[in-house]
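A.B. asks: just the structure for this:
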Amino acid sequence: MRLSLRKVVRLATFLVLLLILNVWISYNVNFYSFDDRGKVLQTWRREGDHGQTDEARLLKFERSVDDIDGSSGTRPIRSTKQVNADNERDSSARSQQFVNETGEKELVAPVKGSDLLLTTTSRRGGSNPKQGGTGPKSQKNLQIRVHKDSDKTELKDIFISVKTTSKYHGPRVKLLLKTWYLLAREQVYFFTDGNDTEIAEILGDHLINTNCSTDHSRRALSCKMAVEFDYYMASRKRWFCHVDDDVYLNVPRLVDMLQGYNHREDWYLGKPSLKHPLEVADRETPGMKLTFWFATGGAGFCISRSLALKMAPYAGGGRFMTTAETIRLPDDCTLGYIVEHLLKHKLTVVEEFHSHLEALWLIKPHQLDKQITLSFSEYSGKQNVINVQGFSETEDPTRFRSLHCFLFPNFRECRVLS
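C.D. replies: Take a look at the predicted model:
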C-alpha cells in the first residue's frame, strides 16, 4: 500500500509540474506570436497586395489590418498650395531630369527590360467633393495623405493599358510606339481585336488579342475593358491606368501625379466629358433614374489597387460585360457606374487629363509639359490638335511627334529640329 501511495504522489507531482510547464510555454509562445503578428501586419501593410494570390482574401486582410493598427495608412497632411510652390520651382527641369537619368544609350535605342523611372518627388492629390459632396472630387485646393519616400509609387508599380483595334494598328499604334511608349516599354500593354505579326514582333506578349468584335459597339468596348481589368488584376501592380490609342501619355507627369495618392486607399482618377452627371433609367425600379459621374476613357483614367479589389465582384472574371449589359452603356460609363453607384465612391477630377472632345488648341504651349494626357481628332475636315512647334503638319498631323520632341528633345528623331 505504501508503494502504491508513493507512486500516486509521484505521478500527481509530475502532472502538476507538467501542467505548470505547459502554462509557462503557452504564455511565452502566445506573447511572442502576438508581438510577431503585429510586426508581420505592419510589414504587409507597407507592401500592400504583394504575397497574396486570392483577391477576396486580400481585401478582407487589408480591412483587418485597418482594424488592428487603427491607422488606416494615415500620415501627415500637406495642402496642395504648399506643394504647388515646390512644383513650380522645379517643373521646368523635371522632364529633362527624367530623360537625363536614363542615359543617352536608352534614348537612342531603348533596351527592352529597362525602366525609365521618375525620381523627382511631388505630392498632389484630392479628397474634398465639390458641390457639397454631390459631384466628383476636384484636385484643386485639396489636402492629401503623404506617404513615406521609401513607399512612393514608381513607374514599375503602374499597369498601363492601351485600347485599340486592328484598323488603327498602322496609323495610331505605330505612332505611339515611336513616341511615349519608349518611356514605359515594360508597363504598357496594347489590347486589340486581331492578330498583327509586325506589331507582335515589337511588343511580344504585350500585345493582347482579346478576340472581341472589331466594331465600335458597346459590347465590343466592354469586352476589351473586361480583358484589361483581368490582366491588371493578375499583374498585382498598385495602379491601373487606361488610355485609348489616340492619346499621348506624358509618362513622367503620370508618375508624378500618382505619387500624391495612396494605392491602399480607394481612388478613381480621371476627367468627365460632361458638365453634369450621367442619368440612366433604373431597370430594377421602373420610372426611377440613376445618376453618377464617370471618367471618359478618351482622356484616360487611373484606379488604385484597393478600389480595383472592391470592383472585382462586378468587373473581375469577365463580369464587367455582365454589368455593362445590365445598364446597357459603354465601358467607361460602366466603370463609373460600378465605382460611383455600386461602391459609393466618388470620381476625383484631374484637370490634366484631356480627350479629343475638348478644344485642344486652347492649351497654351507653355502648359503642355504639365499635362498628363493629350489627344487629337478631326471634325468636318478641321483638325483638333494641340498648338506646338516642331514637324510640319504633313509630317505630323496629330502633333504627337512634335509634342514628344518638345517634352524630350534628346530623342534621336528630335535632333533634326534642333
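
A.B. asks: isn't Pro409 right up against Ser402?
C.D. replies: No: counting by CB atoms under 8 Å, Pro409 stays clear of Ser402, with 10.9 Å between them. All C-beta atoms are positioned from the backbone trio N, CA, C, and that covers glycine.

A.B. asks: contact partners for Leu269?
C.D. replies: By CB atoms under 8 Å, 6 or more residues apart in numbering, the contact set of Leu269 is 257, 261, 295, 301-303, 347-348, 350.

A.B. asks: reformat those as JSON lines; add distance to Thr165 and neighbour count.
C.D. replies: JSON lines is the format used below for those (distance: CB to CB, whole Å; neighbours: other CB atoms under 10 Å):
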{"residue": "Met257", "distance to Thr165": "28", "neighbour count": "22"}
{"residue": "Tyr261", "distance to Thr165": "31", "neighbour count": "24"}
{"residue": "Ala295", "distance to Thr165": "21", "neighbour count": "29"}
{"residue": "Phe301", "distance to Thr165": "19", "neighbour count": "26"}
{"residue": "Cys302", "distance to Thr165": "22", "neighbour count": "28"}
{"residue": "Ile303", "distance to Thr165": "23", "neighbour count": "25"}
{"residue": "Leu347", "distance to Thr165": "26", "neighbour count": "26"}
{"residue": "Thr348", "distance to Thr165": "29", "neighbour count": "25"}
{"residue": "Val350", "distance to Thr165": "26", "neighbour count": "24"}
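
A.B. asks: so if I had to pick from Pro409 and Ser402, which one is more boxed in?
C.D. replies: Comparing Pro409 with Ser402 by other CB atoms under 10 Å, the one with more neighbours is Ser402, at 23 against 16.

A.B. asks: Thr164 versus Phe292, what's the distance?
C.D. replies: Phe292 sits 27 Å away from Thr164 when distances are taken as CB to CB, to the nearest Å.

A.B. asks: for Gly204, same thing?
C.D. replies: Using CB to CB, one obtains 16 Å as the distance from Gly204 to Thr164.

A.B. asks: kindly report the same for Gly287.
C.D. replies: Relative to Thr164, Gly287 is positioned 40 Å away (CB to CB).

A.B. asks: the more surrounded of these two?
C.D. replies: Between Gly287 and Thr164, counting by other CB under 10 Å, Thr164 is the more crowded of the two (22 against 6).

A.B. asks: need the pLDDT of that one.
C.D. replies: Thr164 carries a pLDDT value of 97.

A.B. asks: what do you get for the one 3 residues further on?
C.D. replies: pLDDT recorded at Lys167 is 95.

A.B. asks: that's a helix at Gln240, yeah?
C.D. replies: That one is not Gln; residue 240 is Phe. No: secondary structure assignment (DSSP: H, G, I helix; E, B strand; the rest coil) places Phe240 in strand, not in a helix.

A.B. asks: residues in contact with it?
C.D. replies: Under the criterion of CB under 8 Å, 6+ apart, the neighbours of Phe240 are 159, 161, 228-229, 232, 302-303, 305, 308.

A.B. asks: make it 6 Å
C.D. replies: 159, 232, 303, 308 (CB atoms under 6 Å, 6 or more residues apart in numbering).

A.B. asks: tell me which element the closest residue in space to it that isn't next to it in sequence is part of?
C.D. replies: On the basis of CB to CB, 6 or more residues apart in numbering, the spatially nearest residue to Phe240 that is not a chain neighbour turns out to be Tyr232, at 4.2 Å. Here Tyr232 sits within helix 218-235, counting by DSSP states H and E.

A.B. asks: against Phe406, how distant is the closest residue to Trp361 other than its chain neighbours?
C.D. replies: When the adjacent residues along the chain are set aside, Trp361 lies closest to Asn387, with 5.3 Å between them (CB to CB, 6+ apart). The spacing between Asn387 and Phe406, counted by CB to CB, is 11 Å.

A.B. asks: who has more neighbours out of those two?
C.D. replies: Looking at Asn387 and Phe406 with other CB under 10 Å, you find the greater number of neighbours at Phe406, namely 19 against 13.
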